[in-house]
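return a 3D structure for these sequence lines:
(4 chains)
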Number of protein chains: 2
Amino acid sequence: MLSMKGISIKDIAKQAGVSPTTVSFVLNGKAKEKRISEQVSKKIQKIASRLKYKPNQLARGLRTGKTKTIGLIVEDIANNFFASLAKVMEDEADKHGYKVLYGSTEDNTEKAKGLLEVLKYRQVDAYIVTPTKNLDKEIEQLKATSKPVVLMDRYFPHVSSHYVVVDNYQGAYNVTSHLANQGYKKIAIVTITSDQIQMKDRLEGFTAALKDHQLPFSKSLVKKIPFELEREAFTTEIKKFLTSIKGLDAVFFATNYLGIYGIEAIRSLGWEIGAQIGVASFDDHDLFRLHSPSITCVAQPIPEIGRNIVELLMQELNHPSAAPRQIVLEPSVIIRASSDPGKK
Amino acid sequence: MLSMKGISIKDIAKQAGVSPTTVSFVLNGKAKEKRISEQVSKKIQKIASRLKYKPNQLARGLRTGKTKTIGLIVEDIANNFFASLAKVMEDEADKHGYKVLYGSTEDNTEKAKGLLEVLKYRQVDAYIVTPTKNLDKEIEQLKATSKPVVLMDRYFPHVSSHYVVVDNYQGAYNVTSHLANQGYKKIAIVTITSDQIQMKDRLEGFTAALKDHQLPFSKSLVKKIPFELEREAFTTEIKKFLTSIKGLDAVFFATNYLGIYGIEAIRSLGWEIGAQIGVASFDDHDLFRLHSPSITCVAQPIPEIGRNIVELLMQELNHPSAAPRQIVLEPSVIIRASSDPGKK
DNA sequence: AACAAATGCTATATCGATTTAGCCCAGCGT
DNA sequence: ACGCTGGGCTAAATCGATATAGCATTTGTT
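Residues are numbered from 1 along each chain as shown, chains lettered A, B, ... in the order given. Predicted structure coming up:
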């Protein structure tokens, strides 16, 4: 059994008969700059790779202040959208030698604050944050630490920060217009109780489309459900809502989990999706693709979002910029049978 | 704007007019043991909380060798099963003050080795690993580092290690028996090309159930598909397989993603699930619950698995035990319409 | 009074890397 | 012979915490 401890720079120095300083210079590619001879340089490299030396990231981090770690805060890692995105970002970050420390907020501000704090004293180099309500103060404070912060999925309009989001307004507008074009006359929306921008935009896109298509709109066509309810309660609420509207012929669910609960609700009401009631949801999901009938949705370009976030972060890590970079990607409407019964 | 650096133990020491050592003792709860007076102790505590002192985990980790970080290696964080489990474990770990660094293997041994290495030189305190094929050597080496390792989802029969899994044999046996009891006569299985224990057990449970119910079995009833295929290829392969078997009346998919691809395949063949062909899958999924008809499955007790893993890990961190602890939980069969068309 | 024991705290080394300042030697010019 | 320059390397400080050893001072004992 080998020694418990890893190989340190000292071990290499000893074997090479040089000082740890020299080893550090060579292994950090500063051999030329620091005028270390070719001979010594090669010797050190050889020994290092023979011993499979890996620098202790804690020691390095302590000295340099860089941990090569990114803190990722999502709403819910068990949600397909966030999990898929997390995977893309993990892969992208890995390409740059970064690892990811993550946490889920459950859309709870206190949890989010706690996560930010933990990440901070773990000295992550940068943050990717799906903010919760009232997290604006903390985000501004974070910015003052000179560690890059990129918001995702949503942002604070009054806070100047980097972010990568999709055009929620347009996505909602487009899918609602599609429903209108399909001939649905009375369209409702189910969203969550949240003043956050992504939800606001989706709701506004929805209402704008109704207006543009001269369809009726009233507050009674909008249902807001608190995020933290149990599954049971979600479907109960949705059922109550849907049955409360006379002449309702289509409904748009503003997130993937609402779509899922919504399908459950509609089915338990015994309504026939597509024929009897048009359905669309934000976000795509295996369930939407394979449900019978399949469910129309606004799909977010997950790989592109993930790549943009990490790319932006890396640029900020390498050359911090004064101006915030704000990237808005286009989601796409995927038309399926739930809004177009003609489809197979 | 406040200073960029965090508060250190020295700042507190200065304010309290004592040495950093004393501060360290007090903040680590060793005041009594180290005979620090109540006065000084309280004063330090007060200053620390006023300054919102948080120890630098890098420095602490460097000195103590403990980073309060757990390395988590899953097959695919975008897979609902692993993502849900990751969330449970994250929550549980958090209760003990641990954070999670994660990575996905894609069932690729080289990726897994890379992840283990990265986690190692990031000095994680413990590992939760979903091993890939041929990772047994690395697991044994890890054990020699005296850092706890818990395998999940699968293990190596010839390696003595901690693990938490479900009884894959029994789960497969039970659901296959259920299919048999429902009157299906010719039942096939679709699994992945893998010699790993979890897949082996599922296959064996399946065949044993066929035998016990005097149903026909032959190699032609078993389809193994490589994990790394594209979605397209999966469904194509499954379609080819299903259509190749004369008189086939039921099929069991050995993982959740196979179940999903399988449903897609069967639907594109135009077969009627439940009536024309009985279907069951390992793992539960929103899609299985809400598909029409809903899909019978073997559900793993995800919260229980997650809790057991973290609990086991914590025990090992606190009191390392010589004997490996091996926990096998029971999955449960959820009978739905895909195998019981009478169900709503 | 003399010595031991307990009390209360601190100086210093350490973890493993990076960074700064600078030493020593050879070669060159004059 | 002397100073200057540059090449090639290293000593020591540092990051922020913890652990070890031990120094004063007070208290207790006989």
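
A:Y261 and A:R231 touch, don't they?
Yes - contact criterion Cβ atoms under 8 Å: A:Y261 and A:R231 qualify, at 6.8 Å. Yep, even glycine has a C-beta here, placed from its N, CA and C like the rest.

those two: who's more crowded?
Neighbours were counted for A:Y261 and for A:R231 using other Cβ atoms under 10 Å in any protein chain shown; A:Y261 has more, 26 against 11.

and the helix or strand where that one lies, anywhere near chain B?
In the assignment (DSSP states H and E), A:Y261 maps to helix A:256-269. Yes - contact of helix A:256-269 with chain B (Cβ under 8 Å from any Cβ of the partner chain) involves A:I260, A:I263, A:E264, A:R267.

how many other residues sit next to the first one?
By that I understand A:I260. 26.

tell me the contacts of it?
For A:I260, the contacting residues are A:H285, A:L287, B:D286, B:L290, by Cβ atoms under 8 Å, 6 or more residues apart in numbering or on different chains.

please flag which of these sit within helices.
Per DSSP state H, helices hold the following members of the contacts of A:I260: A:L287, B:D286, B:L290.

residues in contact with the last one?
Applying Cβ under 8 Å, 6+ apart, one finds that B:L290 lies in contact with A:I260, A:I263, A:E264, A:R267, A:L287, A:H291.

in stretch A:38-56, what's buried?
Within stretch A:38-56, the residues that count as buried by 16 or more other Cβ atoms under 10 Å in any protein chain shown are A:V40, A:S41, A:K43, A:I44, A:Q45, A:I47, A:A48, A:Y53, A:P55, A:N56.

so which of those also contact DNA strand C?
Applying Cβ under 7 Å from any atom of the strand to the buried residues of stretch A:38-56, one finds that A:Y53, A:P55, A:N56 fall near DNA strand C.

which of those come close to chain B?
A:P55, A:N56.

circling back to that earlier point, okay, the buried residues of stretch A:38-56 in JSON lines with pLDDT and secondary structure next?
Formatted as JSON lines, the buried residues of stretch A:38-56 follow (pLDDT from 0 to 100; DSSP: H, G, I helix; E, B strand; the rest coil):
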{"residue": "A:V40", "pLDDT": "96", "secondary structure": "helix"}
{"residue": "A:S41", "pLDDT": "97", "secondary structure": "helix"}
{"residue": "A:K43", "pLDDT": "97", "secondary structure": "helix"}
{"residue": "A:I44", "pLDDT": "97", "secondary structure": "helix"}
{"residue": "A:Q45", "pLDDT": "97", "secondary structure": "helix"}
{"residue": "A:I47", "pLDDT": "97", "secondary structure": "helix"}
{"residue": "A:A48", "pLDDT": "97", "secondary structure": "helix"}
{"residue": "A:Y53", "pLDDT": "95", "secondary structure": "coil"}
{"residue": "A:P55", "pLDDT": "95", "secondary structure": "coil"}
{"residue": "A:N56", "pLDDT": "95", "secondary structure": "coil"}
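
I'd guess A:V26 is in a helix, am I close?
Yes - judged by DSSP: H, G, I helix; E, B strand; the rest coil, A:V26 forms part of a helix.

my read: it touches A:I44, true?
Yes - in this structure, A:V26 is within contact of A:I44 by Cβ under 8 Å, at 4.5 Å.

distance check, A:D340 against B:Y102.
A:D340 is 40 Å from B:Y102, where distance means Cβ to Cβ, to the nearest Å.

who's more crowded, these two?
Per other Cβ under 10 Å, whichever of A:D340 and B:Y102 has more neighbours is B:Y102, with 26 against 17.

for stretch A:224-238, measure first residue to last.
9 Å (Cα to Cα, to the nearest Å).

same question for stretch A:47-62.
The first and final residues of stretch A:47-62 sit 25 Å from each other (Cα to Cα).

over to stretch A:187-200?
Start-to-end, stretch A:187-200 (Cα to Cα) is 17 Å.

tell me the mean pLDDT over it?
For stretch A:187-200, mean pLDDT rounds to 96.

report the buried residues of that stretch.
Applying 16+ other Cβ under 10 Å to stretch A:187-200 flags A:I187, A:A188, A:I189, A:V190, A:T191, A:I192, A:S194, A:Q196, A:I197, A:Q198, A:M199, A:K200 as buried.

list the contacts of the helix or strand containing the second one.
Think A:A188. Using DSSP H and E, A:A188 sits within strand A:187-192. With contact meaning Cβ under 8 Å, 6+ apart, strand A:187-192 is reached by A:176, A:179-180, A:199, A:202-203, A:206, A:210, A:215, A:221-227, A:238, A:241-242, A:245, A:248-255, A:258, A:262, A:278.

among those, name the buried ones.
A:176, A:179-180, A:199, A:202-203, A:206, A:210, A:215, A:221-223, A:225, A:227, A:238, A:241-242, A:245, A:248-255, A:258, A:262, A:278.
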